[in-house]
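> A structural model of the following input is requested.
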Amino acid sequence: MSARMVIVTGLSGAGRNSVLRALEDIGYEAVDNPPLRIVETLVRGDKPLAVGVDARTRDFSAEDVLSTIDRLQTRGSVRPELIFITASPEALQRRFSETRRRHPLALAGTVSEGIETEQALTRTLRNAADWVIDTSELSLAGLRQIIDQRFGLGGPGMSITLVSFGYPSGLPQEADLVLDTRFLRNPHYIPDLRDRTGLDPEVRDYIRQDPDFPEFFERVSGLTDYLLPRFVREGKKYVMIAFGCTGGKHRSVSLVEMLGSRLRNADWNVLIEHRSLGSRSAGGAWKAMPGAHQGAPMPGVQK
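I've put the predicted structure just below:
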């Protein structure tokens, strides 16, 4: 059996250290910023390994990182995965300002200059990453839960996260599949439904009456019925399916709730997250995500 190896890289201030600590907490041996030339020697037996690499690493080169991963893959005894942790420039600027730290690549310049320099240095790694996590609106607890679901050792099988979001806030960068629900009738224009959400049965009933809804939901259900068993067969431990609408409040929330109920009835392990509502459910009991409130983005993860 191949040993699992996760290489964590990304932008300073985006939460790379938080990811390493989360991996360590679930059983990985974590090594931060070793010289690239010794990374291949760190793999010992079948112990899962997490390695942090960023632009401060001695002898850092994006091409060398990718070459190292290629060599590890050819060994056959290791399954390397590359995670890239990122955040918006605005979020990174805010975090450096709050912690009063200098950017490691701009000790004599501005934070924005350091961010731009690092983005250029690591662009190749982002493009090659197996998974990109944008922490701009993730709480630390939310980030740790994502890492636990995707990289947890053993466990009950593949975890499915269904996410609703509003397009003005941007697409969830970590999603495997994104579906646009904006063609469905919008409850926002119905006075009695405007202040409600897709968590309310009245809103879901209104959306179900859309002539396009039955075929859309049937096709989405058929797609998940087809894909999920094949993801399991491939060995995936985590999959995220996102539904978007204009405000992230009515249509996307409704579709996530309805598909989530269907998948849970089929005995899938489902987590539901409504980003614009600031709430998460792992089994029907809703709770606010740490640091979040209705209509406000979740705070970023501090490195």
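> can we go C-alpha only for contacts and neighbour counts from here?
OK.
> Which positions within the host helix or strand of Phe216 qualify as buried?
Assigned by DSSP states H and E, Phe216 belongs to helix 213-234. By neighbour count with 16 or more other Cα atoms under 10 Å, helix 213-234 contains the buried residues 213, 228.
> The helix or strand following it - contacts with which helices or strands?
For helix 213-234, the succeeding helix or strand toward the C-terminus, using DSSP H and E, is strand 238-245. On a contact count with 3 or more Cα pairs under 8 Å, 6 or more residues apart in numbering; DSSP states H and E, strand 238-245 meets helix 140-151, strand 159-166, strand 177-180, helix 251-265.
> residues touching Ser254, list them.
197-199, 203-204, 207 (Cα atoms under 8 Å, 6 or more residues apart in numbering).
> Can you tell me what sits against the helix holding Phe216?
Residues contacting helix 213-234 (Cα under 8 Å, 6+ apart): 157-158, 184, 207-208, 259.
> Please tell me which one of the contacts of Ser254 counts the most neighbours.
Within those, neighbour counts (other Cα atoms under 10 Å) peak at Gly198, which reaches 26 neighbours.
> shouldn't it be in contact with Gly247?
No: between Gly198 and Gly247 there is no contact under Cα atoms under 8 Å: 11.3 Å.
> Would you format the contacts of Ser254 as CSV with secondary structure and distance to Ile147 included?
Formatted as CSV, those follow (DSSP: H, G, I helix; E, B strand; the rest coil; distance: Cα to Cα, whole Å):
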residue, secondary structure, distance to Ile147
Thr197, coil, 28
Gly198, coil, 27
Leu199, coil, 26
Val203, helix, 33
Arg204, helix, 31
Ile207, helix, 33
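> nearest to Arg144, of those residues?
For these, the residue nearest Arg144 by Cα to Cα is Leu199; the value is 25.3 Å.
> Surely that closest one touches Glu257?
Yes: assessed by Cα under 8 Å, Leu199 is found in contact with Glu257 at 7.3 Å.
> just to revisit the earlier point, and the contacts of helix 213-234 as CSV, adding pLDDT and distance to Gly166?
CSV is the format used below for those (pLDDT from 0 to 100; distance: Cα to Cα, whole Å):
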residue, pLDDT, distance to Gly166
Gly157, 63, 29
Met158, 78, 26
Leu184, 97, 14
Ile207, 97, 17
Arg208, 97, 20
Leu259, 97, 18
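> if we look at stretch 96-109, which residues are touching it?
12-13, 56, 110-111, 113-115, 117-118.
> Out of the residues you listed, which sit inside helices?
111, 113-115, 117-118 (DSSP state H).
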